[in-house]
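Colleague: Output the structure for:
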Amino acid sequence: MATLHIEPKIEATGQLSTLQLKGDFTAMDAMDSRSEIIDFISRNNGEIVLDLRSVEVIDLAGINILAMAQRSAEVNQKELQIQITSSGNITEWIQMTKMDKLLNIQTIN
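Modeller: A predicted model of the protein is given here:
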């Protein structure tokens, strides 16, 4: 099991703010990362991207944090995009929970 690592990256123009998550986004790490993700959304301008392409495993706790992130973006009147790969656990969870109807998902191969 890989620990979740979070790395903020802000484009020089200030129009795109990316938060890259790496490792496992599960109950063990999701609650600890919740405030960091919500704070990142509230303090950055422009489009916000949560890059989950390096997340190896996600569970329902991680999916719930994504829903909270979407709500935070809406409250702060910001666009949130979630980047995932086309294969793996994250795609399965998003489809199974029908979160693809709520979240702005961008699949990158």
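Colleague: C-alpha only now, for contacts and for neighbours.
Modeller: Fine.
Colleague: quick one: residue 97 from residue 24, how far?
Modeller: Going from residue 97 to residue 24 by CA to CA, to the nearest Å gives 18 Å.
Colleague: of these two, who's got more company?
Modeller: Set residue 97 next to residue 24 and count neighbours by other CA atoms under 10 Å: residue 24 wins out with 22 against 11.
Colleague: pretty sure that one contacts residue 53?
Modeller: No - with contact defined as CA atoms under 8 Å, residue 24 does not count as touching residue 53 (11.3 Å).
Colleague: And residue 62, how close does it get to residue 18?
Modeller: Per CA to CA, residue 62 is found 18 Å from residue 18.
Colleague: Centroid-nearest residue for the protein?
Modeller: Centroid-nearest residue in the chain, with CA atoms, centre = their mean: residue 50, separated by 3.8 Å.
Colleague: Doesn't that one belong to a helix?
Modeller: No - using DSSP: H, G, I helix; E, B strand; the rest coil, the secondary structure at residue 50 is strand, not a helix.
Colleague: wouldn't residue 57 be in contact with residue 21 here?
Modeller: No - with contacts counted by CA under 8 Å, residue 57 stays clear of residue 21, the gap being 11.1 Å.
Colleague: Look up phi and psi at the residue lying closest to residue 16 once chain neighbours are set aside.
Modeller: Computed as CA to CA, 6 or more residues apart in numbering, the closest residue to residue 16 that is not its neighbour in sequence is residue 47, at 4.9 Å. Note on residue 47: backbone dihedrals following degrees, to the nearest 10 are phi -80, psi 140.
Colleague: Cool, thanks, signing off.
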